[in-house]
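Visitor: pasting a predicted model and its sequence here:
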Amino acid sequence: MDLLTLLQVLDSTMRLATPLLLACLAGLFSERAGIFDIGLEGKMLAAAFLSAAIAYTSGSAWLGLLAGIGASLVLSGIHGLASITFRGNQLISGVAVNFLAAGLTVVVAQSWFGQGGRTPQLQGAARFDPITLPFADAIRDVPVIGPIYYELISGHTALVYIALLMVPLSWWVLYATRFGLRLRAVGENPAAVDTAGVSVIGLRYAAVAICGVLCGIAGAYLATALQAGFVKDMSAGRGYIALAALIFAKWRPWYALYACLLFGFLQALALRPDVIEGALGFKVNVQLLDVLPYILTVIILAGFVGKAIPPRAGGEPYVKER
Amino acid sequence: MDVMPKWADVVLIPLISLLLAAILSALVILAIGESPMNALKIMVDGALGSTYGWGYTLYYATNFIFTGLAVSIAFHARMFNIGGEGQAMIGGLGVALVCMYVPWPHWSLALLGGTVAAALFGAAWAAIPAFLQAKRGSHIVITTIMFNFIAAALLNYLLIGALKPQGSMEPATGKFPEATHLPNLHDVLGFFGIEFSKAAPANITFFVAILACVAVWALIWRTKLGYEIRAFGHSESAAKYAGISPTKIIMVSMLISGGLAGMMAINNVQGEAERLVLNAVEGAGFIGIAVALMGRSHPFGVFLAAILFGFLYQGGAELALWTKIPREMIVVIQALVILFTGALDNMVRMPLERAFLAAKRRNKGAA
């Protein structure tokens, strides 16, 4: 395998890992605050639809992004209402959010655009364009460094770089700010946070809202950057892979990046069976590559490769007095 | 102390939740420019207006009874089996294998063999997540989600490879032999002299599903094992103190749950398609969640809720046929039912409890 092929695979790894990374960090904030969220998938899907719809009608990808975040936040609000205010079952609420998004996006898309549950193709400014980083063209012909900089590092959409920046930002927020300390505490021992006079409900709603914003960016990326428009069920299980990556990363931001890059790499390989055959000398089943993230997660969960311990108060509604 | 009488808990709360879901669904239909009353009329006519419609309604309901019972059993042990979808897929694999490779002399034996195979395969698919939950503490919800995807990939792999007949382009098995075909409701009811549509897919499996309801009821409320499952579901520590093994309860209840989900395959694979196709389950595993929540995890409630969802499914197909409302409208309704009967249960319950408490106090004051 030559350098260029490798760079192409790594380049698509970046593009495919971006939605996983955003959704994974979204889940990280929510679960670190003690709110399980299996509704990442639905929030991404809703954001993908509304961002594509608004980007198409307004002609601006950035307005689409805002709309996508809005759609995702509404679903976050429902999840928060059910799991924080009314102390319902967070898993069941997540399932409901997923189905709500899967159904409503198609029903509304059919009603607005009449194209069988999809939005029209996005063109021009309605999509996020690749950004060529400074000097990329200039050093393109320098051996090794040139192609790496030009093919791999430069030439992605703004959202890819935003997603990458979110990793140190999330780390900083969670581990270096007072808010982050409290947020992690509320996922481990909400009663202690409450005793310290900090609002458990407020913190948890904040975490759920951050989760909504990140899922919104992930969804908007799917419809306005990775692809050009919304199609039915376009999130295609990415929310669940993000959940798997979150467990793989044991609820830590930097490891989330590595896990998402790994799963993105597997997805990129599944698109290029010729490359695997060339590299390994034998055919690898594409279905196997598709399910490898899930199988790896089950193995991790089984505790054979280090134990994945979720935040202690995860999934438990907080009752102030018993 | 019970704040509310039992009837309010069992009947009133689900009805109010259902009403809320119906109102929101009607608003969605209004928002996309259709008439909710007209939509309801089309659904009732299409799903219940003829024996053909009933045949489809009962066919879907049969699927949902199995998956609903599966989720209910797990709920009783306070576990959330979200893997009904994968377990039903693998159940279908079991049915396909015994139908294709065993020379059955008669459909009744084939039904028996299919049922056993479907239950065994479904249970086997639930066994690994159950074991990981019981022994390693891995969260059953996450592992069963993962197993849904693994099941889909496995079927995909088999149906484009080993199980596909030679020369066929479609990812599906060949048609099962004639002797494994189950009688449909036309044949069964015709035996008793009742006219029923010949074209509808509802078949004898519907009665197996009713038997399953009775069996689950007897298991949960009339046996020692059922008592242990319920005790474990109420309080794990109390159950442990009483000498009930958590490992045993988790394993047994998940195996039964997976077996029931797998048994759905005798309806959709052996009864209707008469071959195994990709995506044969069509989301019925997930609808089981809505059905179990709606039916309050009681087999009779599950039965009623399954009929309701069968009606919604068949009615939704008719809607897509006659109006501009797409089939996905059912998914929205399903989501709203899960939301109100499951996640937002307290939103309905809290005001009601307050109202009942106030009424009680007033009565005491009067006496």
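Guide: Right, received. Where do you want to start? All of these numbers come straight from a predicted model, not from anything done at the bench.

Visitor: how about B:Ala172, phi and psi?
Guide: Backbone torsions of B:Ala172, given as degrees, to the nearest 10, read phi -160, psi 160.

Visitor: just the strands in the stretch 51-200 of chain A please.
Guide: A:130-131, A:156-157 (DSSP state E, counting those that start in this stretch).

Visitor: the stretch 1-150 of chain B too?
Guide: Using DSSP E, counting those that start in this stretch, the stretch 1-150 of chain B contains no strands.

Visitor: got the residues of it near chain A?
Guide: B:28, B:31-33, B:80, B:82, B:128, B:132, B:136-139, B:141-143, B:145-147, B:149-150 (CB under 8 Å from any CB of the partner chain). Where C-beta positions appear, they are placed from N, C-alpha and C, glycine not excepted.

Visitor: which among these end up buried?
Guide: Buried residues within those, defined by neighbour count using 16 or more other CB atoms under 10 Å in any protein chain shown: B:28, B:32, B:80, B:82, B:128, B:132, B:138-139, B:141-143, B:145-147, B:149-150.

Visitor: if I look at B:Gly365, how far off is B:Tyr60?
Guide: 51 Å (CB to CB, to the nearest Å).

Visitor: these two: which has the busier surroundings?
Guide: The neighbour count for B:Gly365 versus B:Tyr60, taken as other CB atoms under 10 Å in any protein chain shown, is higher for B:Tyr60 (27 against 7).

Visitor: got the confidence number for the more buried one?
Guide: Note for B:Tyr60: predicted pLDDT of 96.

Visitor: ditto for B:Ala367
Guide: pLDDT, read off for B:Ala367, is 62.

Visitor: ok, now A:Val284?
Guide: 74.

Visitor: from what I see, it and A:Ile276 are in contact.
Guide: Yes: the criterion here is CB atoms under 8 Å, and A:Val284 meets it with A:Ile276 at 4.9 Å.

Visitor: okay, the two: which has more neighbours?
Guide: Higher neighbour count among A:Val284 and A:Ile276: A:Ile276, with 19 against 15, using other CB under 10 Å.

Visitor: show the contacting residues for the more buried one.
Guide: A:269, A:283-284, A:289 (CB atoms under 8 Å, 6 or more residues apart in numbering or on different chains).

Visitor: any idea how far A:Ala33 is from the closest residue to A:Asn189 other than its chain neighbours?
Guide: Closest residue to A:Asn189 in three dimensions, ignoring its sequence neighbours and counting by CB to CB, 6 or more residues apart in numbering or on different chains: A:Ala313, at 6.4 Å. Look at A:Ala313 and A:Ala33: by CB to CB, they are 9 Å apart.

Visitor: could you do A:Leu152 as well?
Guide: From A:Leu152 to A:Ala33 the distance is 35 Å (CB to CB).

Visitor: neighbour count winner among the two?
Guide: A:Ala33 (29 against 16).

Visitor: give the contact list for the more buried one.
Guide: Neighbours of A:Ala33 in contact, by CB under 8 Å, 6+ apart: A:183-184, A:186-187, A:203-204, A:206-208, A:311.

Visitor: so where's the stretch 251-367 of chain B uncertain?
Guide: Low-confidence segments of the stretch 251-367 of chain B (pLDDT under 70): B:367.

Visitor: how about the residues of it near chain A?
Guide: Proximity of the stretch 251-367 of chain B to chain A is confined to B:286, B:289, B:293, B:324-326, B:328-336, B:338-339, B:342-347, B:350 under the rule CB under 8 Å from any CB.

Visitor: of these, grab the buried ones for ChimeraX.
Guide: Buried residues among those (16+ other CB under 10 Å), as a ChimeraX selection:
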select /B:286,289,293,325,326,328,329,330,331,332,333,334,335,336,338,339,342,343,344,345,346,347
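
Visitor: quick one on the thing from earlier: closest to chain B out of the contacts of A:Ile276?
Guide: Proximity of those to chain B (CB to the nearest CB) peaks at A:Leu289, which lies at 9.5 Å.

Visitor: quick one: list the elements packing against the helix or strand where the closest one lies.
Guide: Taking DSSP states H and E as the criterion, A:Leu289 maps to helix A:286-301. Contacts defined by 3 or more CB pairs under 8 Å, 6 or more residues apart in numbering or on different chains; DSSP states H and E place helix A:286-301 against helix A:238-248, helix A:253-271, helix B:140-159.

Visitor: deepest of the ones you listed, which one?
Guide: helix A:238-248 (a mean of 28; mean count of other CB atoms under 10 Å in any protein chain shown).

Visitor: returning to what we had before: could you dump the contacts of A:Ala33 into CSV with distance to chain B, neighbour count and pLDDT added?
Guide: Below are those laid out as CSV (distance: CB to the nearest CB, whole Å; neighbours: other CB atoms under 10 Å in any protein chain shown; pLDDT from 0 to 100):
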residue, distance to chain B, neighbour count, pLDDT
A:Leu183, 21, 23, 95
A:Arg184, 19, 20, 95
A:Val186, 20, 29, 94
A:Gly187, 15, 26, 93
A:Leu203, 20, 24, 95
A:Arg204, 15, 26, 95
A:Ala206, 20, 18, 97
A:Ala207, 18, 28, 97
A:Val208, 13, 25, 96
A:Pro311, 12, 20, 86
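
Visitor: closest to B:Leu304 out of these?
Guide: Each of the contacts of A:Ala33 was checked against B:Leu304 using CB to CB; the closest is A:Val208, at 34.4 Å.

Visitor: helix/strand/coil for the closest one?
Guide: helix (DSSP: H, G, I helix; E, B strand; the rest coil).

Visitor: same check on B:Glu282?
Guide: Following three-state DSSP, B:Glu282 is assigned to coil.

Visitor: what's the burial count for it?
Guide: When counting by other CB under 10 Å, one arrives at 14 neighbours for B:Glu282.

Visitor: got the contact list for it?
Guide: Counting by CB under 8 Å, 6+ apart, B:Glu282 has contacts B:Asn268.

Visitor: could you do the one 10 residues further on as well?
Guide: Shown here is B:Ala292, whose contacts under the criterion CB under 8 Å, 6+ apart are B:68-69, B:71-72, B:75, B:302, B:305.

Visitor: out of the helices and strands packed on helix A:286-301, which gets nearest to A:Ile92?
Guide: Across the helices and strands packed on helix A:286-301, A:Ile92 has its closest neighbour in helix B:140-159 (10.0 Å, CB to CB).

Visitor: other SSEs contacting the following helix or strand past the closest one?
Guide: Proceeding C-terminally, helix B:140-159 gives way to helix B:185-191 as the next helix or strand, assigned by DSSP H and E. Packing partners of helix B:185-191 (3+ CB pairs under 8 Å, 6+ apart): helix B:51-76.

Visitor: now the angle from the helix it packs on to helix B:140-159?
Guide: 130 degrees (axes from the mean of the first three to the mean of the last three CA atoms, to 10 degrees).
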